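In: Quick one: sequence and predicted model below, then my questions.
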Amino acid sequence: MSETNNEYFRGKVCVITGAGSGIGRALAENLAGRGAKLALSDIDAEGLADTARRCTELGSEVKSDRLNVVERESVLLYADAVKQHFGVVHQVYNNAGIAFHGDVVRSEFKDIERIMDVDFWGVVNGTKAFLPYLIESGAGHVVNVSSLFGLIAVPGQSAYNAAKFAVRGFTEALRQEMLVSGQPVKVTCVHPGGIKTAVARNSGYAEGIDSARFAAFFDSKLALHTPEMAAHTITEGVRKGHGRVLIGWEAKALDAFVRVTGSYYQRIASVVTKRFLP
């Protein structure tokens, strides 16, 4: 990684939710290595403490707080505390999220609501809480993590698709609003493909689904890229000011596939799902 690339992040205050594991931890370590100051949060206090220790060892100044992104008042107070601690906030990576597998018929209302609360409203809460401080910084950046499933819908992921499509729409509209109003805030929507994290093992499942079998399938067949690769792709996209960051060849290929086939992709995805997925 060149010194020039690192200079863009050196000394900047970067907020990362969901920093206790996976892409969030990899992002924290990547930015620590680039000289950023970090405000890290996660609902998993143990994982968060480990990430904070690693980043401190890399030489970063770290503020670490347990945070549930669903609790709006807590997020608002957290944003104030980060600003008070560092004096400025430059970048926010709304990364915290959970997964759920189950079709609409078998999914409970509470399952769908929980996914929307964490994966969509968590992003909205983080964006709204920090946006005034990002504008104030004069060099702000909002980075919202959607998914490959924010580009393409698949059977069994209706709730997750809904949340991640919502993140995409919210983020793309926000980017245009910042451009229209001339605010000094860049906006990036991230769409990871198959990343080697514990997301499938920690996922929620509708009744009747063999969770162990599905998690094993994801880990062996779909988890293609390391969190470190994802973090590097994200930070390079941020450095270059990209509005959309696709992670992995499969994300790029499926994005193109949907654009070319239109709604016909849904029939193809249905056949593939029926034949190959557990």
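Out: Structure's in. What do you need? Numbers count the residues shown, from 1 in each chain.
In: Identify the residues contacting the closest residue to Asn161 other than its chain neighbours.
Out: Once flanking residues are discounted, Asn161 sits nearest to Ala153: 4.6 Å by Cβ to Cβ, 6 or more residues apart in numbering. Every C-beta, even on glycine, is put in place using the N, C-alpha and C of the backbone. Ala153 makes contact with Asn161, Phe165, Gln266, Ala269, according to Cβ atoms under 8 Å, 6 or more residues apart in numbering.
In: Ramachandran angles for Ala139?
Out: The phi/psi pair for Ala139 (degrees, to the nearest 10) reads phi -150, psi 60.
In: Report pLDDT for it.
Out: With respect to pLDDT, Ala139 scores 97.
In: From Ile112, how far off is it?
Out: Noted for Ala139: a distance of 38 Å to Ile112, by Cβ to Cβ, to the nearest Å.
In: who has more neighbours, those two?
Out: Taking neighbours as other Cβ atoms under 10 Å, Ala139 and Ile112 compare with Ile112 leading, 18 against 12.
In: so the more buried one touches Tyr160, yeah?
Out: No: taking contacts as Cβ atoms under 8 Å, Ile112 lies outside contact range of Tyr160: 9.5 Å.
In: Spit out the residues that contact the two alike.
Out: By Cβ under 8 Å, 6+ apart, Ile112 and Tyr160 have these common neighbours: Phe100.
In: residues touching Gly24, list them.
Out: Applying Cβ under 8 Å, 6+ apart to Gly24 gives the contacts Ile16, Thr17, Gly18, Asp42, Thr51, Tyr93, Asn95, Ala96.
In: Which ones among those residues lie within helices?
Out: Here DSSP state H is the test, and those give Thr51 as lying in helices.
In: Go through the contacts of Gly24 and name the one nearest Thr235.
Out: Tyr93 (9.3 Å; Cβ to Cβ).
In: Please enumerate the strands of the stretch 51-200 of the chain.
Out: Assigned by DSSP state E, counting those that start in this stretch, the strands in the stretch 51-200 of the chain fall at 62-66, 91-94, 100-101, 140-145, 185-192.
In: for the stretch 1-150 of the chain, which spans come out with low pLDDT?
Out: Applying pLDDT under 70 to the stretch 1-150 of the chain flags the ranges 1-4.
In: If we use 50, what do you get?
Out: Judged by pLDDT under 50, the stretch 1-150 of the chain has its weakly predicted residues at 1.
In: now the helices for it?
Out: Along the stretch 1-150 of the chain, counting by DSSP state H, counting those that start in this stretch, helices occupy 3-7, 22-33, 45-57, 72-86, 109-115, 122-137.
In: Other residues contacting the longest one?
Out: Residues from elsewhere that reach helix 122-137 (Cβ under 8 Å, 6+ apart): 15, 17, 69-70, 72, 75-76, 78-79, 82-83, 88-92, 94, 96-97, 140-142, 144-145, 167, 170-171, 174, 183-185.
In: Now the terminal residues of stretch 257-275, how far apart.
Out: 19 Å (Cα to Cα, to the nearest Å).
In: Show residues contacting that stretch.
Out: Outside of stretch 257-275, the residues within contact range by Cβ under 8 Å, 6+ apart are Leu151, Ile152, Ala153, Val154, Pro155, Gly156.
In: For that stretch, buried residues please.
Out: For stretch 257-275, a neighbour-count test (16 or more other Cβ atoms under 10 Å) marks Val258, Tyr265, Ala269 as buried.
In: Quick check, pLDDT for the second one.
Out: So the one you mean is Tyr265. At Tyr265, the model reports a pLDDT of 92.
In: That one and Ser60, how far apart?
Out: 42 Å.
In: Test of understanding: give the bridge partners of Ser64.
Out: Leu40 (DSSP bridges).
In: count of residues packed around it?
Out: Residues contacting Ser64 under the criterion other Cβ under 10 Å number 21.
In: got it, and Glu73?
Out: Neighbour count for Glu73, taken as other Cβ under 10 Å: 9.
In: Much appreciated, bye for now.
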